[in-house]
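**Student:** Based on what follows, work out the 3D shape:
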Amino acid sequence: MARHPAALSAAAALLALVLVPGPAPAQVQAVKLSVDKQHSVGKCPLELHFAPTVTVAKGPVKVTYQITRSDGASSGPLQAELRLPGPQLLPAYTWKIAGAQGVKFAGWAQLEITQPAKVQSGRESFLVECW
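**Tutor:** Take a look at the predicted model:
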């Protein structure tokens, strides 16, 4: 039986399509970070509380995340196991803003998922005015 290189190439390509799985569906579908007060006025130090939310397609999913800040600091790596599909609230993050009387500080914080895939929220902006 004679073999035809073109027929073998076509068969190999078809076999590769069948055996090679496509990309896995995204486990993390959306991320959001909310601040409790976008404009705070008061005697400093003042605390801002951020609520990170992650939406996953299915669970359980182990996520590694951090909160990054406009001043260059971050929460460092944190982990959570999300057991159910849909939006889930992660533990709150607190940022204490210190300043002398009359100081105004405009800043932002951002949620960054590093595992199982890199995903970032938008920047949540705020303004603090110390008196």
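
**Student:** Angles on the backbone of residue 114, please.
**Tutor:** Its backbone dihedrals place residue 114 at phi -110, psi -20, with angles given as degrees, to the nearest 10.

**Student:** what sits against the residue nearest to residue 129 when sequence neighbours are not counted?
**Tutor:** Nearest residue to residue 129, sequence neighbours excluded (CB to CB, 6 or more residues apart in numbering): residue 41, at 4.5 Å. Where C-beta positions appear, they are placed from N, C-alpha and C, glycine not excepted. Residues counted as contacts of residue 41 (CB atoms under 8 Å, 6 or more residues apart in numbering) are 128, 129, 131.

**Student:** Equivalent analysis for residue 123, please.
**Tutor:** With contacts defined as CB under 8 Å, 6+ apart, residue 123 is in contact with 70, 108, 109, 110.

**Student:** go on, residue 100?
**Tutor:** Residue 100 makes contact with 44, 130 under the criterion CB under 8 Å, 6+ apart.

**Student:** and it, what helix or strand is that in?
**Tutor:** Per DSSP states H and E: residue 100 is located in neither a helix nor a strand.

**Student:** returning to that earlier point: who wins for most neighbours among the contacts of residue 41?
**Tutor:** Greatest neighbour count in those, by other CB atoms under 10 Å, goes to residue 128: 24 neighbours.
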